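S.K.: Provided below are the primary sequence and the corresponding predicted coordinates.
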Amino acid sequence: MRGLQWFNALSAGAAPVAGLPDSVKVADGVLGEQAVRFIAVVTDAQNRFPRARNGEVGLLEGWGLAKAVDQAIALGDKRPIIAIVDVPSQAY
């Protein structure tokens, strides 16, 4: 739960990125004068995988993280990625 709190605090005012699993939060914003991408894995009580409901990184989360990083690279502006990591474990 702390990961979501940190994500919300750091990404306040940033534009959320859609099209990812609910357990992967991504937003594009500005830190100082630099465009950045914020990424976090969070709990998702509705996740179809039981261990991911507690915030563990599983298949969907890994796919979501990879997609978020690929999208950031495709933007072409070499923005830093701010990863908020507060998960109990890697499930699979």
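M.R.: Nice, thanks for sending it over.
S.K.: tell me which element the nearest residue to residue 84 once chain neighbours are set aside falls in.
M.R.: If the residues on either side of it in the chain are set aside, residue 84 comes closest to residue 40, at 3.9 Å by CB to CB, 6 or more residues apart in numbering. Bear in mind the C-beta positions are built from the backbone N, C-alpha and C, glycine included. Secondary structure from DSSP states H and E places residue 40 in strand 34-41.
S.K.: on that earlier part again, ok, the residue nearest to residue 84 - contacts?
M.R.: The contact partners of residue 40, by CB atoms under 8 Å, 6 or more residues apart in numbering, come to 3, 4, 6, 7, 24, 25, 26, 83, 84, 85, 86.
S.K.: Of the residues you listed - the most surrounded one?
M.R.: For these, neighbours were counted using other CB atoms under 10 Å, and residue 26 has the most, 25 neighbours in all.
S.K.: these two touch, right, that residue and residue 14?
M.R.: No. Using CB atoms under 8 Å, residue 26 and residue 14 do not qualify as a contacting pair, with a distance of 9.3 Å.
S.K.: okay, and the common contacts of those two?
M.R.: Common neighbours of residue 26 and residue 14, using CB under 8 Å, 6+ apart, are residue 38.
S.K.: check which helix or strand covers residue 6.
M.R.: Element membership of residue 6, judged by DSSP H and E, is helix 2-10.
S.K.: packing partners for that helix?
M.R.: Applying 3 or more CB pairs under 8 Å, 6 or more residues apart in numbering; DSSP states H and E, we find helix 2-10 packed against strand 24-31, strand 34-41, strand 81-84.
S.K.: ok, 6 Å please
M.R.: Identification of packing neighbours for helix 2-10 by 3 or more CB pairs under 6 Å, 6 or more residues apart in numbering; DSSP states H and E yields strand 34-41, strand 81-84.
S.K.: after that helix comes which helix or strand?
M.R.: Moving on from helix 2-10 towards the C-terminus, the next helix or strand you reach (DSSP H and E) is strand 15-16.
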